[in-house]
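*Asks:* Predicted model, plus sequence, below.
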Amino acid sequence: MPGKLKCGVPGALLASAWLAACVTAPANDFRYGEVLCESGGLAISADFPSGGQHGCTVGEDGAITLSVMAETSTSGPINPSPWYAFAVDAARSGPASVTLDYKDYEHRYSPWLRDGDGTWSKLDGAATQVSEDEHRAVISFDAARGTTVVAGHPLLTVQAALSSMRALAVEHGFDEAVYGRSMEGRELSAFTKGASNAGTVIIALTRQHPPEVTGAKGYQAFVEHLLETAPAGFWGDHLLITVPVANPDGVEHGHWRLNMGGVDLNRDWYTQAQPEIAALTAYLEREAGGRRVLAFLDFHSTWRTLIYSPPFENASPDAALLPFLQGTLDDPSCTQPEWIFGHNETSGTSKSWALATLGAPGITVEFGDDEAEANIACTAEQIAESLIEFALTDASAAD
Ligand SMILES: [Zn+2]
(Lines give C-alpha, C1' and ligand atoms only; values in the text may rest on other atoms or scores of the structure.)
Protein backbone atom coordinates (compact mmCIF):
# COMPACT_ATOMS: atom_id res chain seq x y z
CA MET A 1 0.00 0.00 0.00
CA PRO A 2 1.52 3.31 -0.97
CA GLY A 3 2.15 6.00 1.57
CA LYS A 4 -0.11 8.96 1.97
CA LEU A 5 1.11 12.48 1.38
CA LYS A 6 -0.69 14.98 3.54
CA CYS A 7 0.32 18.53 4.21
CA GLY A 8 -0.68 20.79 7.04
CA VAL A 9 -0.68 24.50 6.29
CA PRO A 10 0.23 26.44 9.41
CA GLY A 11 -0.83 29.97 8.55
CA ALA A 12 2.47 31.70 9.18
CA LEU A 13 4.60 29.41 7.01
CA LEU A 14 5.58 30.35 3.49
CA ALA A 15 4.45 28.02 0.71
CA SER A 16 7.94 26.61 0.20
CA ALA A 17 8.32 25.82 3.87
CA TRP A 18 4.87 24.29 3.86
CA LEU A 19 5.78 21.99 0.97
CA ALA A 20 8.95 20.96 2.75
CA ALA A 21 6.90 20.13 5.82
CA CYS A 22 4.77 17.57 3.97
CA VAL A 23 5.15 14.11 5.45
CA THR A 24 4.49 10.66 4.08
CA ALA A 25 2.69 8.39 6.48
CA PRO A 26 1.63 4.78 6.00
CA ALA A 27 -1.98 4.42 4.85
CA ASN A 28 -4.07 3.12 7.71
CA ASP A 29 -7.75 3.71 8.52
CA PHE A 30 -8.30 6.52 11.01
CA ARG A 31 -4.75 7.42 11.86
CA TYR A 32 -4.87 10.75 13.61
CA GLY A 33 -1.36 11.84 12.78
CA GLU A 34 0.05 15.26 12.09
CA VAL A 35 -1.70 17.93 14.13
CA LEU A 36 -2.70 20.89 11.94
CA CYS A 37 -3.48 23.21 14.86
CA GLU A 38 -4.49 23.22 18.52
CA SER A 39 -6.64 25.49 20.61
CA GLY A 40 -8.62 25.23 23.85
CA GLY A 41 -7.77 21.58 24.41
CA LEU A 42 -8.75 20.59 20.85
CA ALA A 43 -6.22 19.25 18.33
CA ILE A 44 -7.21 19.12 14.65
CA SER A 45 -5.81 16.62 12.15
CA ALA A 46 -6.81 15.22 8.77
CA ASP A 47 -4.06 12.68 8.27
CA PHE A 48 -6.14 9.57 7.61
CA PRO A 49 -7.60 7.86 4.52
CA SER A 50 -10.25 10.08 2.89
CA GLY A 51 -9.29 12.94 5.21
CA GLY A 52 -9.85 16.33 3.61
CA GLN A 53 -7.17 18.71 2.34
CA HIS A 54 -7.14 21.34 5.03
CA GLY A 55 -5.06 24.17 6.39
CA CYS A 56 -5.79 25.36 9.91
CA THR A 57 -5.40 28.67 11.72
CA VAL A 58 -6.19 29.78 15.27
CA GLY A 59 -7.45 33.32 15.76
CA GLU A 60 -6.45 35.61 18.62
CA ASP A 61 -9.64 34.61 20.37
CA GLY A 62 -8.69 30.94 20.04
CA ALA A 63 -11.27 30.25 17.29
CA ILE A 64 -10.29 27.44 14.91
CA THR A 65 -10.67 28.00 11.15
CA LEU A 66 -10.06 25.20 8.65
CA SER A 67 -9.57 26.02 4.99
CA VAL A 68 -11.23 23.51 2.66
CA MET A 69 -8.87 22.99 -0.29
CA ALA A 70 -9.35 21.33 -3.66
CA GLU A 71 -6.78 19.19 -5.42
CA THR A 72 -4.92 20.65 -8.39
CA SER A 73 -7.01 20.73 -11.56
CA THR A 74 -5.65 20.68 -15.13
CA SER A 75 -8.85 22.16 -16.55
CA GLY A 76 -9.85 25.26 -14.62
CA PRO A 77 -12.37 25.55 -11.82
CA ILE A 78 -13.19 22.30 -10.15
CA ASN A 79 -16.70 20.93 -9.72
CA PRO A 80 -18.12 22.47 -6.51
CA SER A 81 -17.94 19.38 -4.29
CA PRO A 82 -15.96 20.82 -1.36
CA TRP A 83 -15.13 17.72 0.65
CA TYR A 84 -14.05 18.05 4.25
CA ALA A 85 -13.07 15.41 6.79
CA PHE A 86 -11.02 16.09 9.90
CA ALA A 87 -10.48 14.68 13.36
CA VAL A 88 -10.92 16.63 16.59
CA ASP A 89 -8.91 15.20 19.47
CA ALA A 90 -10.36 16.64 22.67
CA ALA A 91 -8.37 16.66 25.88
CA ARG A 92 -11.62 17.46 27.66
CA SER A 93 -15.31 16.98 26.98
CA GLY A 94 -17.36 20.08 26.22
CA PRO A 95 -18.48 22.35 23.42
CA ALA A 96 -16.34 22.54 20.28
CA SER A 97 -16.62 24.85 17.32
CA VAL A 98 -14.76 24.85 13.99
CA THR A 99 -15.21 27.28 11.09
CA LEU A 100 -14.86 25.91 7.56
CA ASP A 101 -13.54 28.45 5.06
CA TYR A 102 -14.36 27.55 1.45
CA LYS A 103 -12.77 30.67 -0.12
CA ASP A 104 -14.64 31.10 -3.44
CA TYR A 105 -16.65 27.92 -3.05
CA GLU A 106 -19.78 27.36 -0.99
CA HIS A 107 -20.74 25.03 1.82
CA ARG A 108 -22.47 21.93 0.43
CA TYR A 109 -22.26 18.79 2.57
CA SER A 110 -24.10 18.56 5.89
CA PRO A 111 -21.72 17.44 8.64
CA TRP A 112 -21.62 13.95 10.12
CA LEU A 113 -19.80 13.01 13.33
CA ARG A 114 -18.05 9.75 14.11
CA ASP A 115 -17.70 9.09 17.82
CA GLY A 116 -14.97 7.08 19.52
CA ASP A 117 -16.97 3.86 19.06
CA GLY A 118 -17.05 4.33 15.31
CA THR A 119 -20.73 5.29 15.15
CA TRP A 120 -21.68 7.99 12.64
CA SER A 121 -24.54 10.40 13.21
CA LYS A 122 -25.72 13.39 11.24
CA LEU A 123 -25.32 16.65 13.10
CA ASP A 124 -28.55 18.55 13.71
CA GLY A 125 -29.02 21.22 11.05
CA ALA A 126 -29.16 24.02 13.63
CA ALA A 127 -25.59 23.16 14.69
CA THR A 128 -24.20 24.48 11.38
CA GLN A 129 -24.29 28.21 10.81
CA VAL A 130 -23.65 29.06 7.16
CA SER A 131 -22.67 32.64 6.28
CA GLU A 132 -24.94 34.61 3.99
CA ASP A 133 -22.54 34.27 1.06
CA GLU A 134 -22.16 30.54 1.94
CA HIS A 135 -18.36 30.78 1.81
CA ARG A 136 -18.02 29.92 5.51
CA ALA A 137 -19.77 27.50 7.85
CA VAL A 138 -19.40 27.24 11.62
CA ILE A 139 -19.90 23.70 12.93
CA SER A 140 -20.64 23.44 16.66
CA PHE A 141 -20.98 20.22 18.62
CA ASP A 142 -20.39 18.65 22.00
CA ALA A 143 -17.00 16.98 21.85
CA ALA A 144 -16.53 13.91 24.00
CA ARG A 145 -13.05 13.40 25.45
CA GLY A 146 -11.06 11.55 22.78
CA THR A 147 -11.46 11.63 19.01
CA THR A 148 -14.44 12.77 16.97
CA VAL A 149 -14.26 12.72 13.16
CA VAL A 150 -16.25 15.42 11.37
CA ALA A 151 -16.94 14.81 7.66
CA GLY A 152 -19.26 15.69 4.79
CA HIS A 153 -20.46 12.07 4.68
CA PRO A 154 -19.64 9.01 6.78
CA LEU A 155 -16.24 8.01 5.44
CA LEU A 156 -16.20 5.19 2.91
CA THR A 157 -12.49 4.62 2.42
CA VAL A 158 -10.92 2.56 -0.37
CA GLN A 159 -10.21 -0.18 2.13
CA ALA A 160 -13.77 -0.19 3.51
CA ALA A 161 -15.31 -0.26 0.03
CA LEU A 162 -13.11 -3.19 -1.01
CA SER A 163 -13.82 -5.00 2.28
CA SER A 164 -17.58 -4.82 1.62
CA MET A 165 -17.09 -6.41 -1.78
CA ARG A 166 -14.77 -9.08 -0.36
CA ALA A 167 -17.39 -9.94 2.26
CA LEU A 168 -19.89 -10.46 -0.57
CA ALA A 169 -17.26 -12.54 -2.35
CA VAL A 170 -17.14 -15.00 0.55
CA GLU A 171 -20.92 -15.26 0.63
CA HIS A 172 -21.73 -15.27 -3.08
CA GLY A 173 -18.64 -16.49 -4.92
CA PHE A 174 -17.77 -13.07 -6.21
CA ASP A 175 -14.33 -13.17 -7.90
CA GLU A 176 -11.88 -10.28 -7.50
CA ALA A 177 -9.74 -9.29 -10.49
CA VAL A 178 -7.03 -6.62 -10.47
CA TYR A 179 -7.32 -4.91 -13.85
CA GLY A 180 -4.62 -2.28 -13.44
CA ARG A 181 -2.94 0.28 -11.20
CA SER A 182 -3.84 3.86 -10.38
CA MET A 183 -1.44 6.74 -10.96
CA GLU A 184 -0.07 6.25 -7.43
CA GLY A 185 0.14 2.50 -7.89
CA ARG A 186 -2.98 1.41 -6.02
CA GLU A 187 -4.62 -1.77 -7.28
CA LEU A 188 -7.71 -1.24 -9.44
CA SER A 189 -10.12 -4.02 -8.48
CA ALA A 190 -13.18 -5.45 -10.18
CA PHE A 191 -15.49 -8.12 -8.77
CA THR A 192 -17.28 -10.53 -11.09
CA LYS A 193 -19.97 -13.18 -10.79
CA GLY A 194 -21.27 -15.58 -13.39
CA ALA A 195 -20.13 -17.92 -16.13
CA SER A 196 -17.09 -16.71 -18.01
CA ASN A 197 -18.78 -17.76 -21.27
CA ALA A 198 -22.12 -16.09 -20.42
CA GLY A 199 -23.67 -14.40 -23.41
CA THR A 200 -24.96 -11.39 -21.50
CA VAL A 201 -23.05 -8.92 -19.34
CA ILE A 202 -24.18 -6.45 -16.64
CA ILE A 203 -21.70 -3.73 -15.63
CA ALA A 204 -21.85 -1.51 -12.52
CA LEU A 205 -19.25 0.93 -11.25
CA THR A 206 -18.87 3.81 -8.85
CA ARG A 207 -16.57 6.31 -7.19
CA GLN A 208 -15.05 8.07 -10.14
CA HIS A 209 -15.82 11.12 -8.01
CA PRO A 210 -14.49 10.75 -4.47
CA PRO A 211 -17.04 12.61 -2.27
CA GLU A 212 -20.01 10.86 -3.88
CA VAL A 213 -20.62 8.48 -1.01
CA THR A 214 -24.39 8.22 -1.46
CA GLY A 215 -23.74 6.96 -5.00
CA ALA A 216 -21.32 4.37 -3.63
CA LYS A 217 -23.95 3.28 -1.10
CA GLY A 218 -26.42 2.88 -3.97
CA TYR A 219 -23.88 0.79 -5.89
CA GLN A 220 -23.35 -1.45 -2.84
CA ALA A 221 -27.07 -1.95 -2.28
CA PHE A 222 -27.61 -2.67 -5.99
CA VAL A 223 -24.83 -5.26 -6.17
CA GLU A 224 -25.78 -6.95 -2.93
CA HIS A 225 -29.45 -7.17 -3.90
CA LEU A 226 -28.63 -8.51 -7.35
CA LEU A 227 -26.49 -11.26 -5.82
CA GLU A 228 -29.11 -12.11 -3.20
CA THR A 229 -32.18 -11.97 -5.47
CA ALA A 230 -31.18 -13.38 -8.86
CA PRO A 231 -32.68 -16.87 -9.21
CA ALA A 232 -30.65 -20.04 -9.45
CA GLY A 233 -29.42 -20.43 -13.00
CA PHE A 234 -29.26 -16.70 -13.66
CA TRP A 235 -25.49 -16.72 -13.44
CA GLY A 236 -25.17 -19.40 -16.09
CA ASP A 237 -26.31 -16.88 -18.70
CA HIS A 238 -25.20 -13.60 -17.15
CA LEU A 239 -21.85 -12.18 -16.14
CA LEU A 240 -21.82 -9.33 -13.60
CA ILE A 241 -18.76 -7.05 -13.65
CA THR A 242 -18.54 -4.45 -10.88
CA VAL A 243 -15.97 -1.81 -9.95
CA PRO A 244 -16.32 -0.41 -6.40
CA VAL A 245 -13.61 2.29 -6.49
CA ALA A 246 -12.77 3.62 -9.97
CA ASN A 247 -10.63 6.47 -8.55
CA PRO A 248 -8.85 5.07 -5.48
CA ASP A 249 -6.18 7.81 -5.29
CA GLY A 250 -8.81 10.53 -5.24
CA VAL A 251 -10.80 8.73 -2.53
CA GLU A 252 -7.65 8.14 -0.47
CA HIS A 253 -6.60 11.79 -0.60
CA GLY A 254 -9.98 13.33 0.07
CA HIS A 255 -10.23 14.89 -3.39
CA TRP A 256 -13.32 16.81 -4.47
CA ARG A 257 -13.47 15.39 -7.98
CA LEU A 258 -10.24 14.41 -9.73
CA ASN A 259 -7.53 11.76 -9.87
CA MET A 260 -3.86 12.48 -9.13
CA GLY A 261 -3.45 13.69 -12.71
CA GLY A 262 -5.84 16.56 -11.98
CA VAL A 263 -8.44 15.13 -14.37
CA ASP A 264 -12.14 14.38 -13.99
CA LEU A 265 -12.13 10.68 -14.85
CA ASN A 266 -15.73 10.83 -16.08
CA ARG A 267 -14.55 13.04 -18.94
CA ASP A 268 -11.66 10.76 -19.93
CA TRP A 269 -13.47 7.73 -21.35
CA TYR A 270 -12.70 8.62 -24.98
CA THR A 271 -9.21 10.01 -24.56
CA GLN A 272 -8.25 7.36 -21.99
CA ALA A 273 -5.22 9.45 -21.04
CA GLN A 274 -5.47 8.60 -17.34
CA PRO A 275 -4.21 5.20 -16.14
CA GLU A 276 -7.41 4.49 -14.22
CA ILE A 277 -9.63 4.89 -17.32
CA ALA A 278 -7.13 3.38 -19.78
CA ALA A 279 -7.06 0.25 -17.62
CA LEU A 280 -10.82 0.18 -17.04
CA THR A 281 -11.86 0.65 -20.68
CA ALA A 282 -9.33 -2.00 -21.80
CA TYR A 283 -10.62 -4.41 -19.15
CA LEU A 284 -14.29 -3.85 -20.00
CA GLU A 285 -13.65 -4.18 -23.73
CA ARG A 286 -11.71 -7.38 -23.11
CA GLU A 287 -14.42 -8.88 -20.86
CA ALA A 288 -17.58 -7.52 -22.46
CA GLY A 289 -16.64 -6.68 -26.05
CA GLY A 290 -18.45 -8.93 -28.53
CA ARG A 291 -21.03 -9.94 -25.93
CA ARG A 292 -24.40 -8.43 -25.31
CA VAL A 293 -24.18 -5.80 -22.57
CA LEU A 294 -27.63 -5.68 -21.03
CA ALA A 295 -26.97 -2.78 -18.67
CA PHE A 296 -24.17 -0.38 -17.79
CA LEU A 297 -24.79 1.57 -14.58
CA ASP A 298 -22.43 4.21 -13.21
CA PHE A 299 -23.39 5.31 -9.67
CA HIS A 300 -22.80 8.93 -8.59
CA SER A 301 -24.22 11.61 -6.26
CA THR A 302 -25.61 15.04 -6.88
CA TRP A 303 -28.10 17.50 -5.32
CA ARG A 304 -31.06 15.16 -5.81
CA THR A 305 -31.79 11.59 -6.88
CA LEU A 306 -32.01 11.25 -10.67
CA ILE A 307 -31.02 9.14 -13.65
CA TYR A 308 -29.16 10.47 -16.70
CA SER A 309 -30.15 8.35 -19.67
CA PRO A 310 -29.62 8.40 -23.41
CA PRO A 311 -32.90 9.17 -25.23
CA PHE A 312 -35.00 6.02 -25.55
CA GLU A 313 -34.94 6.28 -29.34
CA ASN A 314 -31.14 6.30 -29.31
CA ALA A 315 -29.78 3.46 -31.38
CA SER A 316 -28.85 0.59 -29.13
CA PRO A 317 -29.67 -3.08 -29.45
CA ASP A 318 -30.77 -3.12 -25.83
CA ALA A 319 -32.44 0.26 -25.46
CA ALA A 320 -35.67 -1.53 -24.45
CA LEU A 321 -34.25 -1.86 -20.95
CA LEU A 322 -34.51 1.86 -20.33
CA PRO A 323 -38.27 2.41 -20.73
CA PHE A 324 -38.80 -0.86 -18.87
CA LEU A 325 -36.69 0.44 -16.00
CA GLN A 326 -38.46 3.78 -15.97
CA GLY A 327 -41.84 2.03 -15.93
CA THR A 328 -40.98 -0.35 -13.12
CA LEU A 329 -39.25 2.03 -10.69
CA ASP A 330 -42.63 2.81 -9.21
CA ASP A 331 -42.54 1.70 -5.57
CA PRO A 332 -44.09 4.70 -3.79
CA SER A 333 -42.10 3.95 -0.66
CA CYS A 334 -38.82 4.62 -2.55
CA THR A 335 -37.51 7.95 -3.79
CA GLN A 336 -38.49 8.03 -7.47
CA PRO A 337 -35.54 9.22 -9.55
CA GLU A 338 -36.20 12.00 -12.03
CA TRP A 339 -35.11 10.97 -15.55
CA ILE A 340 -32.97 13.40 -17.54
CA PHE A 341 -32.28 12.51 -21.17
CA GLY A 342 -29.30 13.37 -23.29
CA HIS A 343 -26.45 11.85 -25.23
CA ASN A 344 -23.33 13.89 -25.87
CA GLU A 345 -20.98 11.86 -28.02
CA THR A 346 -17.98 14.01 -27.16
CA SER A 347 -18.45 14.42 -23.41
CA GLY A 348 -16.16 11.52 -22.50
CA THR A 349 -18.51 10.15 -19.86
CA SER A 350 -18.80 6.48 -19.06
CA LYS A 351 -22.38 6.19 -20.31
CA SER A 352 -21.56 7.74 -23.70
CA TRP A 353 -18.58 5.41 -24.04
CA ALA A 354 -20.72 2.41 -23.08
CA LEU A 355 -23.25 3.23 -25.79
CA ALA A 356 -20.65 3.96 -28.46
CA THR A 357 -18.22 1.13 -27.67
CA LEU A 358 -20.28 -1.67 -26.15
CA GLY A 359 -23.68 -0.82 -27.66
CA ALA A 360 -24.92 -0.78 -24.07
CA PRO A 361 -27.73 1.35 -22.68
CA GLY A 362 -25.51 3.21 -20.24
CA ILE A 363 -27.10 5.22 -17.46
CA THR A 364 -25.74 7.39 -14.68
CA VAL A 365 -27.61 6.81 -11.44
CA GLU A 366 -27.29 9.81 -9.12
CA PHE A 367 -28.34 9.73 -5.47
CA GLY A 368 -29.06 12.96 -3.61
CA ASP A 369 -26.30 14.20 -1.29
CA ASP A 370 -28.72 14.06 1.64
CA GLU A 371 -30.67 10.98 0.60
CA ALA A 372 -31.10 8.71 3.63
CA GLU A 373 -29.41 5.32 3.43
CA ALA A 374 -32.75 3.45 3.60
CA ASN A 375 -34.08 5.46 0.62
CA ILE A 376 -30.90 4.82 -1.34
CA ALA A 377 -31.21 1.07 -0.71
CA CYS A 378 -34.90 1.14 -1.63
CA THR A 379 -34.23 2.70 -5.05
CA ALA A 380 -31.08 0.66 -5.73
CA GLU A 381 -32.84 -2.60 -4.88
CA GLN A 382 -35.71 -1.70 -7.20
CA ILE A 383 -33.25 -1.15 -10.01
CA ALA A 384 -31.72 -4.59 -9.32
CA GLU A 385 -35.16 -6.26 -9.31
CA SER A 386 -36.24 -4.50 -12.51
CA LEU A 387 -33.03 -5.54 -14.20
CA ILE A 388 -33.50 -9.19 -13.21
CA GLU A 389 -37.12 -9.10 -14.37
CA PHE A 390 -36.11 -7.56 -17.70
CA ALA A 391 -33.29 -10.06 -18.19
CA LEU A 392 -35.55 -13.04 -17.50
CA THR A 393 -38.47 -11.77 -19.61
CA ASP A 394 -36.08 -10.93 -22.38
CA ALA A 395 -34.42 -14.37 -22.21
CA SER A 396 -37.76 -16.19 -22.36
CA ALA A 397 -38.88 -14.04 -25.31
CA ALA A 398 -35.68 -14.97 -27.13
CA ASP A 399 -36.19 -18.74 -26.53
ZN1 LIG B 1 -20.18 12.16 -10.08
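*Replies:* Arrived safely.
*Asks:* Show me which residues of the stretch 251-399 of the chain sit near the ion.
*Replies:* H300 (C-beta under 5 Å from the ion). (C-beta placed from N, C-alpha, C; glycine too.)
*Asks:* 8 Å instead, please
*Replies:* By C-beta under 8 Å from the ion, the residues of the stretch 251-399 of the chain that approach the ion are R257, N266, H300, S301, T302, T364, E366.
*Asks:* Any buried residues in the longest helix belonging to the chain, and which?
*Replies:* Counting residues, the longest helix found in the chain (DSSP state H) is helix 373-398. Neighbour counts using 16 or more other C-beta atoms under 10 Å place 375-388, 390-392, 394 of helix 373-398 among the buried residues.
*Asks:* so how far is that helix off the chain centroid?
*Replies:* 22 Å (C-alpha atoms, centre = their mean, to the nearest Å).
*Asks:* Can you name every helix or strand that it contacts?
*Replies:* Counting contacts by 3 or more C-beta pairs under 8 Å, 6 or more residues apart in numbering; DSSP states H and E, helix 373-398 packs against strand 200-206, helix 213-229, helix 234-237, strand 292-302, helix 321-328, strand 362-368.
*Asks:* just checking, what packs against the first one?
*Replies:* Yep, that's strand 200-206 we're talking about. helix 213-229, strand 238-243, helix 275-288, strand 292-302, helix 350-358, helix 373-398.
*Asks:* Need these in CSV (columns: mean pLDDT).
*Replies:* Shown next, in CSV, are the helices and strands packed on strand 200-206 (pLDDT from 0 to 100):
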stretch, mean pLDDT
helix 213-229, 97
strand 238-243, 97
helix 275-288, 97
strand 292-302, 96
helix 350-358, 92
helix 373-398, 89
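*Asks:* possible to save the ones you listed as a markdown table with distance to S39?
*Replies:* Output for those, formatted as a markdown table (distance: least, C-beta to C-beta, whole Å):
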| stretch | distance to S39 |
| --- | --- |
| helix 213-229 | 29 |
| strand 238-243 | 42 |
| helix 275-288 | 39 |
| strand 292-302 | 33 |
| helix 350-358 | 44 |
| helix 373-398 | 34 |
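*Asks:* Point out the one among these that comes closest to E134.
*Replies:* Minimum separation from E134 across those (C-beta to C-beta) falls at strand 292-302, 17.6 Å.
*Asks:* So what are the sheet partners of the closest one and their directions?
*Replies:* Paired neighbours of strand 292-302 in the sheet (DSSP bridges): strand 200-206 (parallel), strand 362-368 (parallel).
*Asks:* After that strand, which helix or strand is next?
*Replies:* The helix or strand immediately downstream of strand 292-302 is strand 306-309, counting by DSSP states H and E.
*Asks:* and that following strand, average pLDDT?
*Replies:* Mean pLDDT, strand 306-309: 94.
*Asks:* Can you name the residues that contact the spatially closest residue to R136 that is not a sequence neighbour?
*Replies:* Spatial nearest neighbour of R136, chain neighbours left out: D101 (5.5 Å); criterion: C-beta to C-beta, 6 or more residues apart in numbering. D101 makes contact with T65, L66, S67, V68, H135, R136 under the criterion C-beta atoms under 8 Å, 6 or more residues apart in numbering.
*Asks:* how far away is the fifth one from the ion?
*Replies:* H135 sits 23 Å away from the ion, going by C-beta to the ion, to the nearest Å.
*Asks:* Just give the number of residues close to the closest residue to that residue other than its chain neighbours.
*Replies:* Excluding its sequence neighbours, the residue lying closest to H135 (C-beta to C-beta, 6+ apart) is Y102, at 5.2 Å. Y102 has 22 neighbours, counted by other C-beta atoms under 10 Å.
*Asks:* How about A144?
*Replies:* Neighbour number of A144 under other C-beta under 10 Å is 17.
*Asks:* hey, what's K193 bridged with?
*Replies:* On the basis of DSSP bridges, K193 is bridged to L240.
*Asks:* Does it touch W235 like I think?
*Replies:* Yes - under the criterion of C-beta atoms under 8 Å, K193 makes contact with W235 at 5.9 Å.
*Asks:* What are the structural domain limits within the chain?
*Replies:* As assigned by automatic domain parsing, the chain contains the domains 3-151, 158-398.
*Asks:* tell me the mean pLDDT over the first one?
*Replies:* In other words, domain 3-151. Per-residue scores along domain 3-151 average to 84.
*Asks:* Distance to Q274 for the helices and strands packed on helix 373-398 - can I get that in TSV?
*Replies:* Converted to TSV, the helices and strands packed on helix 373-398 look like this (distance: least, C-beta to C-beta, whole Å):
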stretch	distance to Q274
strand 200-206	15
helix 213-229	19
helix 234-237	32
strand 292-302	16
helix 321-328	28
strand 362-368	19
